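> the following block contains a protein sequence and its predicted model.
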Amino acid sequence: DGTANGFEAAPIPLDIVSSLVDSDGSETLLIHLSGLPAIATLNQGTDNGGGQWTLLPTELAGLEITVADDAAFIINVVATATEEFPSSTSLDVASLSASTGESIDVTVENVAPVVDAGADQTVDESHAGMPTELTTVYITALFTDVGTLDTHTATIDWGDSTGTMSGNVSQGMGSGTVTGSHEYADNGIYTVKVTVTDDDGGVHSDTLTVTVLNVSPDVTVDVDSQSVQYSDSIDAITFTAQDIAADTLSAAIAYSTDGGATYTAGLPDDGTIVGDLVFLGSDDQASPATWTVSGIADLEPGAYQFRITVLDDEGGVSTAISSIDVQRETAVATYSGSTFVSTPSVNNNEATVELRATIQDITAALPATDSEAGNITTATVSFIDNSDPASPVVIATDVPITLLDVSDPTVGVAAYSWTVDIGNADSLTFDVLIQVDDYYTGSELDLITVSKPLDNAVTGGGYLINESSEGTYAGDDDRRTNFGFNIKTNKKGTNVQGHVNIIVRQDDRIYQIKTNATDSLVALPGSDPEVSHAEFIAKANFRDITDPLNPISLGGNLQLIATVTDAGEPGDSDSVAFTVWDGGTLLYSSNWSGTLTTEQLLAGGNIQVRLPQPKNLLLDGVAATTTSDVSSLTASQLQLEATDAMELLSQSVAYDSSSTSLANIDLRIADLPGNALGASFGNIIWVDINAAGNGWNFVPGGNGVDLLSVLTHEYGHALGLDHDVLDSHLAEGVRDLDWLHTDVHEKHQSVGNVAVHGLSTRGLDRDDLETATTSENHEVIDDGLSAKAIDFLLAERYGERHEEDEEEFEAKSISGGSENAQDEVFASLFEGEDLFD
């Protein structure tokens, strides 16, 4: 008996020896093996099936058995010798055989499988926001087993203390795979062990290393960029960081300015106002973690970047940036300095203008538009002469602002003393631009007029607060309209010179009206000694100067009509009216009544109507102390005498029709002061209502003062004659017309002749004249002027004649027409304009 031991699927030697005793060669030997399992094979011999094999003696050497699975069995070995010989009884061959047997105990042991866990892996940990926020790792291990009949199971230990898990086994004959997946909660280095066990208990394991790398947090911001003005609240910025649940997160904030690469820890704050930017959010937050930046942009205007840096507990770092464009806050600039300044004398070209601007934070000027105030002292002011937009001249820059009230940081004043030299000009109006800079932005264009204190000129500067402006470019209510002007005549009264500059504000646009030629000027004293009036007409251009450096033309050759009243110093009772026409289209009216532009009191500034002093014709004697029995002069009486006086003058050697038109004269009845009988000023002649209390005489030698003498005297002044030709006194009951036949050209020296609109000024002392009370009858006198006089007036003012109107007026006024009818005709001729008042 024997034994044979080995491993499944591996050849196991069988040590079998068999031989014959009889060596004569007549015998044969066969070896029979039985008891082999079906899973066993021999490397030699013949398989007879059923676990039986037959071998020749020669096949015993090197005989091996291979068993596919572990097993234990006994092989029975039988050797049979056979000898053949002839039969004694027949012709057949007879044989004899003999057998002997042995057994072999065979033990086949199991062979464990062999596992290859696969290559090491490196993966990034899961990103935040995934369904499990865990990192999934997949493995595929290979195994082989010589026991092709074995079945297998597998386990995987993932190395993160979560225990051993079953693997998925897929196998064929002698080989297979183990697959599995696992979710890691955090980054780390993990040893994964794969174990395969066959059904015979054979076990084998292999490992691989899984490295789960930390992934930095995912940081987002809800406001990438925004624009905000200095001192206003920003839109709150929320930074959100997400990471796997196992990580804790911390953050820090920093900022850079104007695109700089260097960041400064924390948040900026200029400290100009109460309130700042704050960064809120705790450290060591679990995902999702949030931090916010909110508050007030107390920052110098510029570009800022806020960078958050988020750090997880494994050292992962991520950043996110939110940009803020801090713009300058809106300021409202209001010029509050002098708008009209005179030089010390006519011989001095220089004046000092106190430029002064009140600067308001928008919350102080227009609180409905912005409720968050800044500090106005963070602004500075520049004063710029923008009279020529193509070449602006900086007067002063970086002018600081001083608070009006230290407890109110929203309102301040910037001031600068500007020395202005107007050279040979009598007057100049400057377009002064107030420009607010630094932390604020805003501008205002104002007009400042600097004049020499000249007579025979109308100058002024200031502003209106709009109340009833009308026209295509009407100024908005409650806003400023600035103006500056200087109009004068030359000494001979033959030329009108000067300029007008007006600035109008409508919606978000700013318009400028600027004259380029002045057509006419009429300046008249008022009834009050401190009051004078003027009217001027000019050609004008209109343009949009919202951008002062790039004006836009809106039209030219327009008609500007202005009337002004100088009510004395300091100018707070002065008034003005401006109208601009483009043919029949009203472009601008400063104060429209519904039918015409009326004067409006200045809100600031001053107007000066400088007129020469008038002279008067006085009664030769003392004015009567009582006038109760003296009749007042009527319009019809004055008209008749005026017609006679003009007729006499037209035949006189003193009359030069080419230089003076008597039809331009406006006759008025007034209660002149003292013993004044008459006075002339410009194109106005005043006649005392009752001849200084003595009554008027209409025939030579009658009682009272001769009206014809007074009228011819005053018309003489209109012709340019002075008291070197004309007597300064007239006695009661005397008719003095002798001067009409005098060669006045030799005698008259034109002493003190100062012209206004081409008409010489003569008559009363100005103070006396302006205290006179104008009679209510003067309108009737105006209306009662002859048609010839009216026609002259129309031609003088408008360059046209109205012959049909003359005829109609002559018919009604000269031929006994009623005063009411005369009024109607006169009104129709001038379309409602009161050209005489």
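On my side now, so go ahead.

> would you map the strands across the stretch 151-300 of the chain?
Ranges of strands within the stretch 151-300 of the chain are 152-157, 164-166, 168-171, 175-184, 188-198, 203-213, 218-221, 225-229, 237-242, 248-257, 264-265, 277-280, 285-286, 289-295, based on DSSP state E, counting those that start in this stretch.

> ah, wrong one, I meant the stretch 1-150 of the chain
With DSSP E, counting those that start in this stretch as the criterion, the stretch 1-150 of the chain has strands at 2-7, 12-13, 27-34, 40-42, 46-49, 52-55, 64-67, 71-86, 93-109, 114-116, 121-124, 135-144.

> what comes into contact with the longest one?
Just to be clear, that refers to strand 93-109. 1-8, 12, 14, 16, 35, 65, 67, 69-88 (Cβ atoms under 8 Å, 6 or more residues apart in numbering). The way it works is simple: take the backbone N, C-alpha and C, and place the C-beta from them, glycine included.

> likewise the fourth one?
Contacting residues not belonging to strand 40-42 are listed as 14, 33, 36, 47, 51, 53, 55, 63-68, 71, 73 [Cβ under 8 Å, 6+ apart].

> where's the residue lying closest to Pro11 once chain neighbours are set aside relative to Glu109, distance?
Among residues not flanking Pro11 along the chain, Glu64 sits closest, at 3.9 Å (Cβ to Cβ, 6 or more residues apart in numbering). Using Cβ to Cβ, to the nearest Å, Glu64 is found at 16 Å from Glu109.

> same thing with Ala540?
Relative to Glu109, and taking Cβ to Cβ, Ala540 is found at 123 Å.

> these two: who's more crowded?
Using other Cβ atoms under 10 Å as the criterion, Ala540 and Glu109 rank with Ala540 on top: 29 against 16.

> coming back round to it: quick one: buried ones out of the contacts of strand 40-42?
Buried by 16 or more other Cβ atoms under 10 Å: 14, 33, 36, 51, 53, 55, 63, 65-68, 71, 73, out of the contacts of strand 40-42.

> in TSV: the residues you listed, plus distance to Ala373.
As requested, these are arranged in TSV below (distance: Cβ to Cβ, whole Å):
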residue	distance to Ala373
Leu14	110
Leu33	114
Leu36	108
Gly51	109
Trp53	113
Leu55	116
Leu63	112
Ile65	106
Thr66	101
Val67	100
Ala68	97
Ala71	100
Phe73	106
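
> what's the closest of these to Val341?
Ala68 (124.3 Å; Cβ to Cβ).

> domains in this structure, by residue range?
The record's domain split for the chain, according to automatic domain parsing, is 2-109, 114-213, 218-327, 335-453, 454-611, 616-783.

> quick check: Trp544 touching Pro551?
No Trp there; residue 544 is Asp. Yes. Judged on Cβ atoms under 8 Å, Asp544 makes contact with Pro551 at a distance of 6.5 Å.

> which residues do those two both contact?
Gln512.

> more neighbours, those two?
Using other Cβ under 10 Å as the criterion, Asp544 and Pro551 rank with Pro551 on top: 19 against 16.

> distance of that one from Ser391?
Applying Cβ to Cβ to Pro551 and Ser391 gives a distance of 13 Å.

> and what of Gln651?
60 Å.

> now swap in Ala71 and tell me
For Ala71, the distance to Ser391 equals 116 Å [Cβ to Cβ].

> state the helix or strand in which Leu711 lies.
Assigned by DSSP states H and E, Leu711 belongs to helix 707-718.

> after that helix comes which helix or strand?
Using DSSP H and E, the next helix or strand after helix 707-718 towards the C-terminus is strand 729-730.

> average pLDDT for that next one, rounded please.
Summarised as a single mean, pLDDT over strand 729-730 is 86.

> strand partners (parallel or antiparallel) of it?
If you go by DSSP bridges, strand 729-730 pairs up with strand 616-619 (parallel).

> can you give me how far the longest helix anywhere in the chain is from the chain middle?
With secondary structure taken from DSSP state H, the chain has its longest helix at helix 635-650. Its chain's C-alpha centre and that of helix 635-650 lie 69 Å apart, by Cα atoms, centre = their mean, to the nearest Å.

> what is it packed up against?
Here helix 635-650 touches strand 666-671, helix 707-718, helix 778-783, going by 3 or more Cβ pairs under 8 Å, 6 or more residues apart in numbering; DSSP states H and E.

> buried residues, it. List them.
For helix 635-650, burial by neighbour count (16+ other Cβ under 10 Å) applies to 635, 637-639, 641-643, 645-646, 648-649.

> can you check stretch 584-601 too?
Quick answer for stretch 584-601 (16+ other Cβ under 10 Å): 586-592, 597, 599-600.

> before we move on, back to that, how about the strands of the stretch 1-150 of the chain, which one is nearest Ile384?
strand 121-124 (62.1 Å).

> helices or strands up against the closest one?
With contacts defined as 3+ Cβ pairs under 8 Å, 6+ apart, the packing partners of strand 121-124 are strand 135-144, strand 203-213.

> among the strands of the stretch 151-300 of the chain, which is nearest Trp418?
It's strand 225-229; of the strands of the stretch 151-300 of the chain, that one is closest to Trp418 (Cβ to Cβ) at 30.7 Å.

> and the contacts of that closest one?
Counting by Cβ under 8 Å, 6+ apart, 234-235, 297, 322-330, 370 sit against strand 225-229.

> report the beta-bridge partners for Thr419.
Under the criterion used (DSSP bridges), Thr419 bridges to Thr352.

> is it true that it touches Glu354?
No. Under the criterion of Cβ under 8 Å, Thr419 is not in contact with Glu354, lying 10.8 Å apart.

> what's near enough to touch the residue nearest to Tyr190 when sequence neighbours are not counted?
Sequence neighbours aside, Gly159 is the residue nearest to Tyr190 in space, at 3.8 Å (criterion: Cβ to Cβ, 6+ apart). Each residue near Gly159 by Cβ under 8 Å, 6+ apart is listed here: 190-193, 210.

> which residues sit in contact with His729?
Contact analysis of His729 by Cβ under 8 Å, 6+ apart lists 617-620.

> please apply the same query to Pro700.
Contacts for Pro700 (Cβ under 8 Å, 6+ apart) come out as 706, 735.

> use 11 as the first number from now on
In the new count, where the first residue is 11, that last one comes out as Pro710.

> a strand runs through it, doesn't it?
No. The assignment for Pro710 is coil, going by DSSP: H, G, I helix; E, B strand; the rest coil, so no strand is present there.

> pLDDT at Gly809, what is it?
42.

> ugh, typo on my part, it should be Asp732
74.

> that one: how many residues sit nearby?
19.

> one more: Gln445?
Using other Cβ under 10 Å, Gln445 is surrounded by 21 other residues.

> now Val116
If you count neighbours by other Cβ under 10 Å, Val116 ends up with 23.

> quick one, which of Thr429 and Glu364 is more surrounded?
Glu364 (12 against 9).

> what comes up buried for the helix or strand containing the more buried one?
Glu364 is part of strand 360-371 when elements are defined by DSSP H and E. Neighbour counts over strand 360-371 (16+ other Cβ under 10 Å) mark 361, 363, 365-371 as buried.

> mean confidence for that strand?
Computed over strand 360-371, the mean pLDDT rounds to 91.

> who does the helix or strand following that strand touch, helix- and strand-wise?
Downstream of strand 360-371, the first helix or strand assigned by DSSP H and E is helix 372-375. Packed against helix 372-375, as judged by 3+ Cβ pairs under 8 Å, 6+ apart, are the following elements: strand 339-345, strand 418-431.

> how far does stretch 257-267 sit from the chain's center?
That offset, for stretch 257-267, works out to 32 Å (Cα atoms, centre = their mean).
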